[in-house]
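Chemist: coords please:
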Amino acid sequence: MLNSALRSRAEYAELGADGLAARTSPERDALIVKAVQELLEGRESVLDLCCGYGRVALPLRRAGKVVRGLDISPNLLEAGRARAAEEELAIDWAIGSMTDLPYKWDSFDAVICLWTAFHELFAEDEQISTICEISRVLKPGGIAIIEGPVWGPATAAEIANGMRQGPEHRIVTTEHDDDRSSVHFIHDEISYSRLCAAAGIDDYKVYKRDWGGRRRLILEIHQPATS
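Modeler: This next block holds a predicted model:
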(Lines give C-alpha, C1' and ligand atoms only; values in the text may rest on other atoms or scores of the structure.)
Protein backbone atom coordinates (compact mmCIF):
# COMPACT_ATOMS: atom_id res chain seq x y z
CA MET A 1 0.00 0.00 0.00
CA LEU A 2 1.19 3.51 -0.76
CA ASN A 3 2.16 5.54 2.27
CA SER A 4 -0.13 8.39 3.20
CA ALA A 5 1.86 11.11 1.47
CA LEU A 6 2.13 9.30 -1.86
CA ARG A 7 -1.50 8.22 -1.74
CA SER A 8 -2.72 11.76 -1.09
CA ARG A 9 -0.44 13.28 -3.72
CA ALA A 10 -1.72 10.84 -6.34
CA GLU A 11 -5.35 11.45 -5.40
CA TYR A 12 -5.11 15.23 -5.58
CA ALA A 13 -3.03 15.19 -8.74
CA GLU A 14 -5.96 13.45 -10.40
CA LEU A 15 -8.68 15.51 -8.71
CA GLY A 16 -7.04 18.92 -9.18
CA ALA A 17 -7.88 22.25 -7.57
CA ASP A 18 -11.12 22.67 -9.53
CA GLY A 19 -12.33 19.19 -8.63
CA LEU A 20 -11.56 19.77 -4.96
CA ALA A 21 -13.25 23.18 -4.99
CA ALA A 22 -16.37 21.59 -6.49
CA ARG A 23 -16.81 19.63 -3.24
CA THR A 24 -17.51 22.81 -1.30
CA SER A 25 -19.21 26.16 -1.96
CA PRO A 26 -18.43 29.86 -1.40
CA GLU A 27 -21.15 29.99 1.23
CA ARG A 28 -19.74 27.05 3.17
CA ASP A 29 -16.20 28.38 2.88
CA ALA A 30 -17.25 31.79 4.20
CA LEU A 31 -18.79 30.18 7.28
CA ILE A 32 -15.66 28.09 7.84
CA VAL A 33 -13.35 31.08 7.52
CA LYS A 34 -15.50 32.96 10.04
CA ALA A 35 -15.26 30.04 12.49
CA VAL A 36 -11.48 29.87 12.04
CA GLN A 37 -11.08 33.59 12.58
CA GLU A 38 -13.08 33.40 15.79
CA LEU A 39 -10.93 30.54 17.09
CA LEU A 40 -7.70 32.34 16.13
CA GLU A 41 -8.67 35.77 17.43
CA GLY A 42 -5.61 37.71 18.60
CA ARG A 43 -3.15 35.36 16.90
CA GLU A 44 -1.04 36.71 14.06
CA SER A 45 1.07 33.96 12.49
CA VAL A 46 -0.76 30.93 11.10
CA LEU A 47 0.37 27.70 9.47
CA ASP A 48 -2.34 26.29 7.21
CA LEU A 49 -1.32 22.64 7.23
CA CYS A 50 -2.52 20.78 4.13
CA CYS A 51 -3.63 24.13 2.72
CA GLY A 52 -4.59 22.84 -0.73
CA TYR A 53 -5.38 25.64 -3.18
CA GLY A 54 -5.64 28.24 -0.42
CA ARG A 55 -9.32 27.91 0.43
CA VAL A 56 -8.66 29.23 3.96
CA ALA A 57 -5.12 30.59 3.64
CA LEU A 58 -6.14 33.28 1.14
CA PRO A 59 -8.99 34.81 3.20
CA LEU A 60 -6.87 34.67 6.36
CA ARG A 61 -4.17 36.65 4.59
CA ARG A 62 -6.77 39.13 3.34
CA ALA A 63 -7.79 39.56 6.97
CA GLY A 64 -4.24 40.52 7.91
CA LYS A 65 -2.84 37.26 9.25
CA VAL A 66 0.76 36.25 8.48
CA VAL A 67 0.13 32.96 6.69
CA ARG A 68 2.23 30.04 5.57
CA GLY A 69 0.69 27.19 3.64
CA LEU A 70 2.08 23.67 3.36
CA ASP A 71 0.72 20.84 1.24
CA ILE A 72 1.90 17.55 -0.26
CA SER A 73 0.34 18.29 -3.66
CA PRO A 74 2.33 20.49 -6.06
CA ASN A 75 -0.67 21.14 -8.32
CA LEU A 76 -2.83 22.41 -5.47
CA LEU A 77 -0.05 24.64 -4.17
CA GLU A 78 0.51 26.07 -7.63
CA ALA A 79 -3.19 26.96 -7.82
CA GLY A 80 -2.98 28.70 -4.46
CA ARG A 81 0.19 30.52 -5.41
CA ALA A 82 -1.41 31.75 -8.63
CA ARG A 83 -4.49 33.06 -6.83
CA ALA A 84 -2.34 34.83 -4.24
CA ALA A 85 -0.28 36.43 -7.00
CA GLU A 86 -3.42 37.72 -8.72
CA GLU A 87 -4.39 39.53 -5.53
CA GLU A 88 -0.80 40.45 -4.59
CA LEU A 89 -1.13 38.54 -1.31
CA ALA A 90 2.11 37.58 0.40
CA ILE A 91 1.84 33.95 1.48
CA ASP A 92 4.75 31.56 1.91
CA TRP A 93 3.86 28.28 0.15
CA ALA A 94 5.81 25.06 0.67
CA ILE A 95 5.61 21.46 -0.46
CA GLY A 96 5.98 19.00 2.37
CA SER A 97 4.46 16.37 4.63
CA MET A 98 2.62 17.10 7.85
CA THR A 99 4.59 14.30 9.52
CA ASP A 100 7.89 16.21 9.12
CA LEU A 101 7.38 19.98 9.05
CA PRO A 102 10.14 22.17 7.54
CA TYR A 103 9.82 24.86 10.22
CA LYS A 104 11.73 25.81 13.35
CA TRP A 105 10.51 25.28 16.89
CA ASP A 106 8.06 27.90 18.19
CA SER A 107 7.28 29.35 14.74
CA PHE A 108 3.51 29.95 14.77
CA ASP A 109 0.80 31.41 16.95
CA ALA A 110 -1.64 28.94 15.39
CA VAL A 111 -1.71 25.81 13.24
CA ILE A 112 -4.84 24.71 11.39
CA CYS A 113 -5.38 21.37 9.66
CA LEU A 114 -8.84 21.31 8.10
CA TRP A 115 -11.16 19.51 5.71
CA THR A 116 -10.35 15.97 6.89
CA ALA A 117 -6.66 16.30 5.92
CA PHE A 118 -5.38 14.80 9.18
CA HIS A 119 -7.74 11.86 8.65
CA GLU A 120 -5.76 10.87 5.54
CA LEU A 121 -3.10 9.44 7.86
CA PHE A 122 -3.89 5.78 8.51
CA ALA A 123 -0.86 4.64 10.54
CA GLU A 124 -0.77 5.59 14.19
CA ASP A 125 2.94 6.42 14.05
CA GLU A 126 2.21 8.99 11.31
CA GLN A 127 -0.64 10.44 13.34
CA ILE A 128 1.54 10.76 16.45
CA SER A 129 4.41 12.27 14.42
CA THR A 130 2.06 14.90 13.04
CA ILE A 131 0.67 15.83 16.45
CA CYS A 132 4.24 16.09 17.77
CA GLU A 133 5.27 18.27 14.82
CA ILE A 134 2.29 20.56 15.26
CA SER A 135 3.14 20.97 18.94
CA ARG A 136 6.81 21.57 18.11
CA VAL A 137 6.17 24.49 15.74
CA LEU A 138 3.59 26.19 17.99
CA LYS A 139 4.78 29.15 20.00
CA PRO A 140 4.16 29.13 23.76
CA GLY A 141 0.48 29.92 24.25
CA GLY A 142 -0.29 28.84 20.68
CA ILE A 143 -3.34 26.94 19.48
CA ALA A 144 -3.87 24.18 16.93
CA ILE A 145 -7.19 23.25 15.32
CA ILE A 146 -7.72 19.89 13.58
CA GLU A 147 -11.12 19.39 11.95
CA GLY A 148 -12.74 16.35 10.43
CA PRO A 149 -15.93 14.31 10.08
CA VAL A 150 -18.09 12.84 12.80
CA TRP A 151 -18.70 9.09 12.63
CA GLY A 152 -20.42 6.73 15.00
CA PRO A 153 -19.57 3.08 15.70
CA ALA A 154 -19.47 0.85 12.62
CA THR A 155 -22.70 -0.93 11.80
CA ALA A 156 -22.89 -4.55 10.72
CA ALA A 157 -23.93 -3.43 7.23
CA GLU A 158 -20.97 -1.03 6.90
CA ILE A 159 -18.57 -3.80 7.90
CA ALA A 160 -20.20 -6.34 5.59
CA ASN A 161 -20.12 -4.11 2.50
CA GLY A 162 -16.51 -3.04 3.10
CA MET A 163 -17.31 0.59 3.89
CA ARG A 164 -15.63 0.28 7.31
CA GLN A 165 -12.35 -1.61 7.52
CA GLY A 166 -9.08 -1.74 9.44
CA PRO A 167 -8.36 -1.77 13.18
CA GLU A 168 -11.50 -0.92 15.15
CA HIS A 169 -13.20 -0.43 11.76
CA ARG A 170 -11.78 3.10 11.67
CA ILE A 171 -10.99 3.23 7.93
CA VAL A 172 -14.00 4.41 5.95
CA THR A 173 -14.67 4.79 2.23
CA THR A 174 -16.84 7.76 1.27
CA GLU A 175 -18.52 8.20 -2.10
CA HIS A 176 -18.68 11.73 -3.53
CA ASP A 177 -21.10 13.35 -5.96
CA ASP A 178 -18.36 13.47 -8.62
CA ASP A 179 -18.38 9.63 -8.79
CA ARG A 180 -15.06 9.47 -6.95
CA SER A 181 -14.41 7.99 -3.55
CA SER A 182 -12.01 8.85 -0.77
CA VAL A 183 -10.71 6.85 2.15
CA HIS A 184 -10.20 8.31 5.60
CA PHE A 185 -9.35 7.30 9.15
CA ILE A 186 -12.13 7.87 11.66
CA HIS A 187 -11.20 9.72 14.84
CA ASP A 188 -13.15 10.27 18.02
CA GLU A 189 -12.41 11.34 21.57
CA ILE A 190 -10.82 7.96 22.33
CA SER A 191 -8.38 7.99 19.40
CA TYR A 192 -7.48 11.68 19.82
CA SER A 193 -6.87 11.19 23.55
CA ARG A 194 -4.60 8.25 22.75
CA LEU A 195 -2.60 10.32 20.23
CA CYS A 196 -2.25 13.33 22.52
CA ALA A 197 -1.08 11.12 25.38
CA ALA A 198 1.54 9.54 23.12
CA ALA A 199 2.67 13.01 22.00
CA GLY A 200 2.92 14.26 25.57
CA ILE A 201 0.13 16.80 25.17
CA ASP A 202 -1.98 17.49 28.24
CA ASP A 203 -3.96 20.60 27.31
CA TYR A 204 -6.43 19.66 24.58
CA LYS A 205 -10.13 19.19 24.04
CA VAL A 206 -12.25 17.21 21.59
CA TYR A 207 -15.71 18.42 20.71
CA LYS A 208 -18.35 18.53 17.99
CA ARG A 209 -19.68 21.75 16.51
CA ASP A 210 -21.34 23.25 13.48
CA TRP A 211 -18.71 23.90 10.84
CA GLY A 212 -19.82 25.39 7.55
CA GLY A 213 -23.30 23.96 7.95
CA ARG A 214 -22.13 20.47 8.89
CA ARG A 215 -21.53 18.78 12.23
CA ARG A 216 -17.78 18.22 12.55
CA LEU A 217 -15.27 16.89 15.06
CA ILE A 218 -12.61 19.29 16.39
CA LEU A 219 -9.35 18.57 18.18
CA GLU A 220 -8.12 21.78 19.82
CA ILE A 221 -4.59 21.75 21.21
CA HIS A 222 -3.26 24.47 23.50
CA GLN A 223 0.47 24.95 23.89
CA PRO A 224 1.57 25.88 27.42
CA ALA A 225 2.31 29.58 27.80
CA THR A 226 5.91 28.76 28.75
CA SER A 227 7.92 25.97 27.15
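
Chemist: every contact and neighbour count from this point should use C-alpha atoms.
Modeler: Fine.

Chemist: in contact with residue 215, which residues?
Modeler: 149, 150, 208, 209 (CA atoms under 8 Å, 6 or more residues apart in numbering).

Chemist: just the buried residues from those residues, in PyMOL please.
Modeler: A single PyMOL command selects the buried members of the contacts of residue 215 (16 or more other CA atoms under 10 Å):
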select buried, resi 149+150+208
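
Chemist: for the contacts of residue 215, which one is nearest residue 98?
Modeler: Taking CA to CA as the measure, residue 98 lies nearest residue 149 of these, at 18.9 Å.

Chemist: does that closest one touch residue 219 like I think?
Modeler: No - in this structure, residue 149 is not within contact of residue 219 by CA atoms under 8 Å, at 11.3 Å.

Chemist: picking that back up, among the contacts of residue 215, which are in helices?
Modeler: Among the contacts of residue 215, no residue falls in helices (DSSP state H).

Chemist: list just the nearest of the contacts of residue 215 to residue 85.
Modeler: So of the contacts of residue 215, ranked by how close each gets to residue 85 (CA to CA), first place is residue 149, at 32.0 Å.

Chemist: can you pull out the residues in contact with the helix or strand hosting residue 76?
Modeler: Element membership for residue 76 (DSSP states H and E) is helix 74-87. For helix 74-87, the external contacting residues (CA under 8 Å, 6+ apart) are 12-13, 16-17, 51-54, 58, 70-71, 90-91, 93-95.

Chemist: sketch out the low-pLDDT regions of this protein for me.
Modeler: Applying pLDDT under 70 to the chain picks out residues 1-3, 227.

Chemist: tell me the centre residue of it?
Modeler: Nearest to the mean C-alpha position of the chain, by CA atoms, centre = their mean, lies residue 113 at 2.6 Å.

Chemist: quick one, phi psi at the closest residue in space to residue 50 that isn't next to it in sequence?
Modeler: Computed as CA to CA, 6 or more residues apart in numbering, the closest residue to residue 50 that is not its neighbour in sequence is residue 71, at 4.3 Å. Per-residue torsions, residue 71: phi -150, psi 160 (degrees, to the nearest 10).
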